[in-house]
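Visitor: Just to be clear, the model below is a prediction. Sequence and coordinates:
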Amino acid sequence: MKIADLINWFEAWANPAWCESWDNCGWQIEPGVLQQETRVLVCLTPTLAVMEEAIALNANLIFAHHPLIFNPLKSLRTGEAIAEMVRLAFKHNIGIYTAHTNFDQVQDGTADVLAQILELKEVTPIELTQAGLGYGRVGLLEPFLTLQELLATIQTRLSPPNLIFSPSADLQETISRVAVLGGSGASYISAVAKTGAQAYLTSDCKFHQFQESRDRNLILIDAGHYATERPACDRLVQKFQSLNLDWVQLSQKDEDFCQFFA
């Protein structure tokens, strides 16, 4: 499959036109690779480490969730990370493509994969954007779990370096309805509270957002940005493999930029 065919297939599933106005989805760098046979390295964040990995593996496409270019560039200067990424992309003929908020909304996207990992049933979006699609997911646990069991399940299945949750009077409280949203989902706390969810798994939450959740009788669980979005990258590799590409691999140089001192 040529790179152009792969991108056409993907965009029929997760249209970049669905991305938010503040976002930057689609081609970040296209150095003339569209007609090449696809050798794709999938990652959460396109970094110099991932670029060096792509070069070593003779990949010609880095397919990332996070945009390389998020804000309008005013200059490209030697020594800057984005400038170096651009230089290496053109030197080694490696394209960089991003699927961000469009990928968040679709089936088997970032939120859907989290819901599947927790084995939620009767799943619906937290916020509907179009028929059957939207941001976040909310569903039922079957069987129900105690809060302690839910936290242990999240720790086991996502392996976050640090798991934070809002104050709860009882770790043995029965949890039946859970909401999930990969990445930065604190802005959806109000919407989640209206769904009847008892617990909300997301990341990048601030002190007063934990307070807000407690005041709304919602248990806020922060497992970190990397841990809540990286599983969707693994799922994307599986979907690409089903297309019988020449070569596809999940990056081993992808990084969690938040480390915690033991």
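Guide: Arrived safely.
Visitor: Please count neighbours and contacts with C-alpha atoms only from this point.
Guide: Noted.
Visitor: pLDDT weak spots in the stretch 151-262 of the chain?
Guide: Applying pLDDT under 70 to the stretch 151-262 of the chain flags residues 169.
Visitor: contacts for stretch 12-32?
Guide: Here stretch 12-32 makes contact (Cα atoms under 8 Å, 6 or more residues apart in numbering) with 67-70, 86, 89-90, 93-103, 106.
Visitor: Let me see the mean pLDDT of it.
Guide: Averaging pLDDT along stretch 12-32 gives 96.
Visitor: Can you show me the CA trace of that stretch as CSV?
Guide: Provided in CSV are the C-alpha atoms of stretch 12-32 (Å, rounded to 0.1, in the frame of the first residue of the first chain):
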residue,chain,number,x,y,z
ALA,A,12,-12.2,8.2,5.5
TRP,A,13,-12.4,6.8,9.0
ALA,A,14,-11.2,9.9,11.0
ASN,A,15,-11.7,12.9,8.8
PRO,A,16,-9.2,15.7,9.6
ALA,A,17,-11.9,18.2,9.0
TRP,A,18,-13.4,17.1,12.3
CYS,A,19,-10.5,18.5,14.2
GLU,A,20,-11.0,21.5,16.5
SER,A,21,-10.2,25.0,15.2
TRP,A,22,-7.3,25.4,17.6
ASP,A,23,-5.9,22.0,16.5
ASN,A,24,-3.5,21.0,13.7
CYS,A,25,-4.4,17.6,12.2
GLY,A,26,-3.1,16.0,9.0
TRP,A,27,0.2,16.5,7.2
GLN,A,28,2.9,18.2,9.3
ILE,A,29,5.7,17.5,6.9
GLU,A,30,5.3,15.8,3.5
PRO,A,31,8.7,15.6,1.7
GLY,A,32,7.4,13.8,-1.4
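Visitor: Pull out the buried residues from it.
Guide: 14-16, 18-19, 23-31 (16 or more other Cα atoms under 10 Å).
Visitor: Please, a PyMOL command that selects the buried ones among the contacts of stretch 12-32?
Guide: Those of the contacts of stretch 12-32 that count as buried under 16+ other Cα under 10 Å are selected in PyMOL with:
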select buried, resi 67+68+69+86+89+93+94+95+96+97+98+99+100+101+102+103+106
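Visitor: just checking, which of the contacts of stretch 12-32 belong to helices?
Guide: 86, 89-90, 101-103 (DSSP state H).
Visitor: Rebuild the residues you listed as a markdown table, extending it with pLDDT.
Guide: A markdown table is the format used below for the ones in helices among the contacts of stretch 12-32 (pLDDT from 0 to 100):
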| residue | pLDDT |
| --- | --- |
| V86 | 96 |
| A89 | 98 |
| F90 | 97 |
| T101 | 98 |
| N102 | 97 |
| F103 | 98 |
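Visitor: Could you save those as CSV and add columns showing distance to A191?
Guide: Formatted as CSV, these follow (distance: Cα to Cα, whole Å):
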residue, distance to A191
V86, 39
A89, 41
F90, 43
T101, 18
N102, 19
F103, 20
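Visitor: Looking at the residues you listed, which is nearest L243?
Guide: Distance to L243 across those (Cα to Cα) is lowest for F103, with 18.1 Å.
Visitor: What is the burial count for the closest residue to that closest one other than its chain neighbours?
Guide: Sequence neighbours aside, G109 is the residue nearest to F103 in space, at 5.2 Å (criterion: Cα to Cα, 6 or more residues apart in numbering). Around G109 there are 25 other residues, counting by other Cα atoms under 10 Å.
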